[in-house]
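> quick one: sequence plus predicted model below, questions after.
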Amino acid sequence: MRMTRMIKGWGLGAFLVLTACGPTEGDTILSIADFDYTPNNLQVEPGETVRVRNLDTAAHSATSSPSSADLVPGAVENVGFDTGEFVMGEREFTVPADAVPGTIVTFYCTVHRDYRHGVGKLVVQ
Ligand SMILES: [Cu+2]
């Protein structure tokens, strides 16, 4: 009985430690789930790091494109990023500190392009 109580106590301790190590306030998360980006309109500050999480069992990427009409890897102004294709994990990229506010960058998935899931838009604030 006493042992059970002790184990429960340890369990709570571990939970609190894990919580403390979780995402810090201000982290920007881009999730990919069910072939959709959330949010698909990503507002970022210059210098900000974006954590991209793929929650699907399918490989995806978040890859910037200079054009929304023709999806190819590239940058708009100096804002470009590519997580590469990855499955069920996290990648990150950092917006350049000198990114110009108002810059709008389309991003897409290099695995499925635009025929299986939508594209997203990153907007520099
Ligand atoms: Cu994809």
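Nice, I can see it.

> what secondary structure does the residue nearest in space to the middle of the chain sit in?
Centroid-nearest residue in the chain: residue 52, 1.9 Å away (criterion: C-alpha atoms, centre = their mean). Assigned by DSSP: H, G, I helix; E, B strand; the rest coil, the conformation of residue 52 is strand.

> need the pLDDT of it.
Residue 52 carries a pLDDT score of 98 in this model.

> pretty sure it is touching residue 85, no?
No: shown here, residue 52 and residue 85 do not form a contact pair, counting by C-beta atoms under 8 Å, at 11.6 Å. Quick note: C-beta positions are derived from backbone N, CA and C, even for glycine.

> ranges for the helices of this structure?
In order along the chain, the chain carries the following helices (DSSP state H): 2-20, 113-116.

> interface residues of this structure facing the ion?
Contact residues (C-beta under 5 Å from the ion) of the chain with the ion: 60, 109, 111, 112.

> let's see that with 8 Å instead.
Contacts of the chain with the ion, taken as C-beta under 8 Å from the ion, map to 32, 35, 56, 58-61, 109-112, 116-117.

> drop anything exposed from the residues you listed.
32, 56, 58, 59, 60, 61, 109, 110, 111, 117 (16 or more other C-beta atoms under 10 Å).

> so which of those comes closest to residue 42?
Nearest to residue 42 among those is residue 32, at 12.0 Å by C-beta to C-beta.

> contact partners for the closest one?
Contact analysis of residue 32 by C-beta atoms under 8 Å, 6 or more residues apart in numbering lists 38, 52, 53, 54, 55, 56, 60, 62, 109.

> so what sits opposite it in the bridge?
Beta-bridge pairing for residue 32 (DSSP bridges): residue 37, residue 54.
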